[in-house]
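Visitor: Got a sequence here, can you build the structure:
(one chain, ligands or ions: 1)
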Amino acid sequence: MSWKDRLPAVEGRLVLDEPLAPFTWLRVGGPAEVLFLPKDEDDLSRFLAGLDPGVPVTPLGVGSNTLVRDGGVEGVVVRLGRGFAAVTAREGRRVQAGAAALDAQVAKAAADAGIAGLEFYTGVPGTIGGALVMNAGCYGSETKDVLVEAYALTRAGERIVLSNAEMGFSYRRSAAAADRWLIFLGGLFQGRPDDPAAVHARMAEITARREASQPIREKTGGSTFKNPEGHSAWKLVDAAGWRGKPFGGAMFSPQHANFLINTGAATAADLEGLVEAVRKDVREKFGVELQWEVKRIGR
Ligand SMILES: Cc1cc2nc3c(=O)[nH]c(=O)nc-3n(C[C@H](O)[C@H](O)[C@H](O)COP(=O)(O)OP(=O)(O)OC[C@H]3O[C@@H](n4cnc5c(N)ncnc54)[C@H](O)[C@@H]3O)c2cc1C
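Guide: Reported below is the predicted structural model:
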């Protein structure tokens with residue numbers, strides 16, 4: 001059966017064989033068999049309910065933590081857009097944000113409303129959907145510290161609410177997101193009162209710190225490895241001699257040795273090959289098992 005006959009009718013857009021490289025920071029990888037850009041929550045829910053449960057469905061944010069493999073992604077990739085991007089300040093120093101809202105927009109909306117505690121989001125270049133899956137954070141704060149509850153759809157299109165505890169957060173991980181198929185619609189975040197100017201000043205400090213220490217204008221996936229217990233991943237990569245060493249079109253950044261970079265014409269295989277070579281080398285030299293923080297999708 002062709003895709004045309006297998007896909008439920010939608011109000012948003014369905015695109016066949018759509019290249020995914022432009023949708024990710026690393027700018028590599030093959031196409032999605034089907035890319036779905038739902039109009040809104042109802043559209044997405046009806047699509048999931050009507051789609052054969054055997055068809056794989058993969059959510060994608062802005063791809064700042066995702067490596068798409070060269071063979072592309074089987075089934076449907078869902079990318080949430082404007083219908084999922086609202087950010088609203090709520091009573092009690094809370095902020096409600098859709099999954100497609102950029103973390104930086106959430107930080108800014110909170111600051112404008114005199115809400116402190118979410119300014120760390122200015123340092124994470126992803127969406128709220130990605131932040132919920134990754135327990136994103138920086139400079140001592142993470143999503144776990146500020147989330148009240150998250151909203152999601154199951155693969156059958158049913159809406160559920162997960163409390164902070166039910167998200168099962170740990171370092172750069174949500175057990176809820178890892179253990180079952182969910183697509184996040186957004187979350188409710190708790191802050192505390194502060195002067196907007198003071199919050200904006202702290203955000204400016206975070207931006208300056210990031211610009212000085214990270215290759216944020218490169219094609220990168222951010223931190224490639226999680227920091228192993230008791231170690232810094234970048235120090236291990238550096239000590240093993242991989243900082244700035246080319247591998248096809250891939251390299252670990254001379255500026256930040258845990259940041260993987262596409263230097264121009266890398267394939268996903270170059271990038272993944274380099275990371276696996278470094279993991280092996282670090283294991284052999286230092287007996288430490290580095291774990292991927294970047295998510296890989298596709299074949
Ligand atoms: C320059 C740079 C700096 C970075 N610095 C930091 C940092 O300081 N701290 C930090 O924590 N991270 C950092 N990152 C990594 C990245 O920004 C975060 O992990 C971010 O939360 C990913 O969001 P995203 O929208 O890009 O997710 P994607 O990369 O698009 O997706 C990541 C994972 O989440 C899933 N996903 C995305 N949206 C949804 C959804 N709505 N529902 C269900 N699943 C979904 C995807 O399937 C995938 O498994 C950095 C990345 C870059 C490129």
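
Visitor: rest of the way, CA atoms for contacts and neighbours
Guide: Will do.

Visitor: Can you check what pLDDT the model gives the residue sitting nearest the centre point of the chain?
Guide: With distances taken as CA atoms, centre = their mean, residue 130 lies nearest the centre of the chain, 3.4 Å away. pLDDT recorded at residue 130 is 98.

Visitor: OK, contacts around the closest residue to it other than its chain neighbours?
Guide: In space, not counting the residues next to it along the chain, residue 130 is nearest to residue 61; the distance is 5.9 Å by CA to CA, 6 or more residues apart in numbering. Taking CA atoms under 8 Å, 6 or more residues apart in numbering as the definition of contact, the neighbours of residue 61 are 79-80, 100, 126-127, 129-130.

Visitor: any idea how far residue 61 lies from residue 89?
Guide: 22 Å (CA to CA, to the nearest Å).

Visitor: again, but for residue 77
Guide: Counting by CA to CA, the gap from residue 77 to residue 89 is 30 Å.

Visitor: And these two? Which one has more around it.
Guide: Shown here are residue 77 and residue 89; by other CA atoms under 10 Å, residue 77 has more neighbours (23 against 20).

Visitor: who's the more buried one bridged to?
Guide: In this entry, residue 77 is beta-bridged to residue 35, residue 58, by DSSP bridges.

Visitor: okay, it: pLDDT?
Guide: The per-residue pLDDT reported for residue 77 equals 98.

Visitor: For it, list the residues it contacts.
Guide: Shown here is residue 77, whose contacts under the criterion CA under 8 Å, 6+ apart are 32-36, 57-60.

Visitor: Give me the contacts around the helix or strand encompassing residue 148.
Guide: Residue 148 is located in strand 147-154, with elements delineated by DSSP states H and E. Applying CA under 8 Å, 6+ apart, the contact partners of strand 147-154 are 45, 132, 159-164, 167, 181-190.

Visitor: Throw the contacts of residue 77 into JSON lines and include pLDDT, distance to residue 1 and neighbour count, thanks.
Guide: What follows is those, written out as JSON lines (pLDDT from 0 to 100; distance: CA to CA, whole Å; neighbours: other CA atoms under 10 Å):
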{"residue": "32", "pLDDT": "98", "distance to residue 1": "18", "neighbour count": "25"}
{"residue": "33", "pLDDT": "98", "distance to residue 1": "14", "neighbour count": "18"}
{"residue": "34", "pLDDT": "98", "distance to residue 1": "14", "neighbour count": "22"}
{"residue": "35", "pLDDT": "98", "distance to residue 1": "18", "neighbour count": "25"}
{"residue": "36", "pLDDT": "98", "distance to residue 1": "19", "neighbour count": "23"}
{"residue": "57", "pLDDT": "98", "distance to residue 1": "18", "neighbour count": "22"}
{"residue": "58", "pLDDT": "98", "distance to residue 1": "21", "neighbour count": "20"}
{"residue": "59", "pLDDT": "98", "distance to residue 1": "24", "neighbour count": "17"}
{"residue": "60", "pLDDT": "98", "distance to residue 1": "26", "neighbour count": "23"}
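
Visitor: Take the residues you listed and write them to CSV, including distance to the ligand.
Guide: Listed next are the contacts of residue 77 as CSV, based on distance: CA to the nearest ligand atom, whole Å:
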residue, distance to the ligand
32, 13
33, 16
34, 15
35, 13
36, 13
57, 9
58, 6
59, 4
60, 4
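
Visitor: one step back: just checking: which of the contacts of residue 61 also lie near the ligand?
Guide: Among the contacts of residue 61, the residues lying close to the ligand (CA under 6 Å from any ligand atom) are 126-127, 129-130.

Visitor: and those, which two are the farthest apart?
Guide: Across the ones next to the ligand among the contacts of residue 61, no pair lies farther apart than 126 and 129, at 8.2 Å, counting by CA to CA.

Visitor: Of these two, which one has the most company?
Guide: Ranked by neighbour count (other CA under 10 Å), residue 126 and residue 129 place residue 129 first, with 31 against 22.
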